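# Please find the sequence and the predicted model below.
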Amino acid sequence: MQGSLPETRGSAGSIYVAPSLAAALDALNDYGPAGAPFAGGTWIMRSPIRHEPLREHYVAIGKITELRTVQIGNDAVEIGAAVTHAALATALAGLPEFDVLATAAGSAANPAIRTMATIGGNLSTPNFAAADCVPALLCLDAEVEVSSRGDRERMSLNDFLKARPTLAPGRLLTSIVVPRTRRKTAHTRLPLRRSGDYPVAIVSFAARLDALNRVERVRVAVGSVEPVARRWERLEAALLGRALEPTQAANIAAELAGEFTGRDSVEAPAWYRVNVLPSLVRRATAAALGS
């Protein structure tokens, strides 16, 4: 490694507490595949339970100020990757167009996890299908910034999810940028309380409506049903131009739900995850209209 990094040794190897973003990126670059970022730690700490090996080195980024801030501008909201779910829900509480994200952040897992788990970790963990904030951000057309030593790249969240499994060592998601626009939004989930409040299925919804509640622009995203959250583009196309009505939206969703291939798990069978989607669409559209 270039220079010497102060480290704390533990059973997993070493933990370097980075004093700045530049220092964190340098460390991640130098550690290469043997290193990984560490923020809230709620996923990493349970790696042994999932029979996943720990990395030799971790770079703690949770104390870096620029990664812990939420900047609310006139045109966009920029969220640092180390902002916790609880802090994000609080920061967005007064912004109705962000109800979907505030609800996602404020209902994920349980209160203890929400005070520790970060938005960056929620987006960056490739094997966490039930992440609440991913579909919420997809329906808000969010972009992410990925930084490395000497470089910073912005991409759509959808592109990031595709690239996520193959990101080169030393690259770090540092912020999320969400445009501000007039819209009604809602986040609905069906949780399994016996397994840490992780949801069976998630539907996130955002739409711009005219004076007669006709849909001018719409985004619907589904999480936890398949291994990776995605937008429901065929449902979006079917709703466009119609007056938004929850029962009708649910009926359309029922006709189109067969395009999803649910994931089997010990918590819920694949067919059940798909079958609950229409009811979640109904709840989401009703909540959006109510907002």
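Received it, and whenever you're ready, just let me know what you need. Residues are numbered from 1 along each chain as shown.

# so where's this structure uncertain?
Counting by pLDDT under 70, the chain has low-confidence residues at 1-12, 193-197, 291.

# Now do the helices in it.
21-31, 85-91, 99-107, 111-114, 119-124, 133-138, 157-163, 233-239, 246-256, 270-275, 277-290 (DSSP state H).

# Minimum distance to residue 188: which of these has it?
helix 277-290 (4.4 Å; Cβ to Cβ). Bear in mind the C-beta positions are built from the backbone N, C-alpha and C, glycine included.

# Distance from the closest one to the middle of the chain?
On the basis of Cα atoms, centre = their mean, to the nearest Å, helix 277-290 sits 20 Å off its chain's mean C-alpha point.

# helices or strands up against that helix?
strand 184-192, strand 198-209, strand 215-223, helix 246-256 (3 or more Cβ pairs under 8 Å, 6 or more residues apart in numbering; DSSP states H and E).

# how about these, which one is nearest residue 148?
So among those, strand 215-223 is nearest, using Cβ to Cβ, at 27.6 Å.

# Now do the closest one: everything it contacts.
Outside strand 215-223, the residues that touch it by Cβ atoms under 8 Å, 6 or more residues apart in numbering are 129-132, 134-136, 138-141, 183, 199, 201-210, 229-232, 235-236, 239-244, 260, 277, 281, 284.

# Just the buried residues out of these, in ChimeraX syntax.
In ChimeraX, this line selects whichever of the contacts of strand 215-223 come out buried by 16 or more other Cβ atoms under 10 Å:
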select :129,130,131,132,134,135,136,138,139,140,141,183,199,201,202,203,204,205,206,207,209,229,230,231,232,235,236,239,244,260,277,281,284
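
# Could you list which residues are in contact with residue 102?
Contacts for residue 102 (Cβ under 8 Å, 6+ apart) come out as 88, 89, 92, 93, 95.

# my guess is residue 18 contacts residue 65, does it?
No. If you go by Cβ atoms under 8 Å, residue 18 and residue 65 don't touch, sitting 11.5 Å apart.

# Same drill for the two, tell me which one is more crowded.
Taking other Cβ atoms under 10 Å, residue 18 and residue 65 do not tie; residue 18 has more neighbours (22 against 10).

# and that one, how far is that from residue 70?
20 Å (Cβ to Cβ, to the nearest Å).

# got it, and residue 223?
22 Å.

# and what of residue 130?
24 Å.

# what's the answer for residue 198, then?
In this view, residue 198 and residue 70 are 25 Å apart by Cβ to Cβ.

# between the two, who's got more neighbours?
Comparing residue 198 with residue 70 by neighbour count (other Cβ under 10 Å), the higher total belongs to residue 198, at 23 against 17.

# Any idea what the more buried one is bridged to?
Beta-bridge partners for residue 198, by DSSP bridges, are residue 192.

# mind checking how far it is from residue 109?
Residue 198 is 7 Å from residue 109, by Cβ to Cβ.

# Next: residue 180.
The gap separating residue 180 from residue 109 is 27 Å, by Cβ to Cβ.

# Of the helices and strands packed on helix 277-290, which stretch is the most buried?
Between the helices and strands packed on helix 277-290, strand 198-209 has the highest mean count of neighbours, a mean of 26, where neighbours are mean count of other Cβ atoms under 10 Å.

# Domains in this protein, by residue range?
Taking automatic domain parsing as the reference, the chain has its domains at 8-60, 66-179, 184-290.

# Start and end of the longest one, how far apart?
Distance between the two ends of domain 66-179: 19 Å, counting by Cα to Cα, to the nearest Å.

# if you skip the residues just before and after it, what's nearest to residue 274?
Using Cβ to Cβ, 6 or more residues apart in numbering and skipping the chain neighbours, the partner closest in space to residue 274 is residue 262 (4.5 Å).
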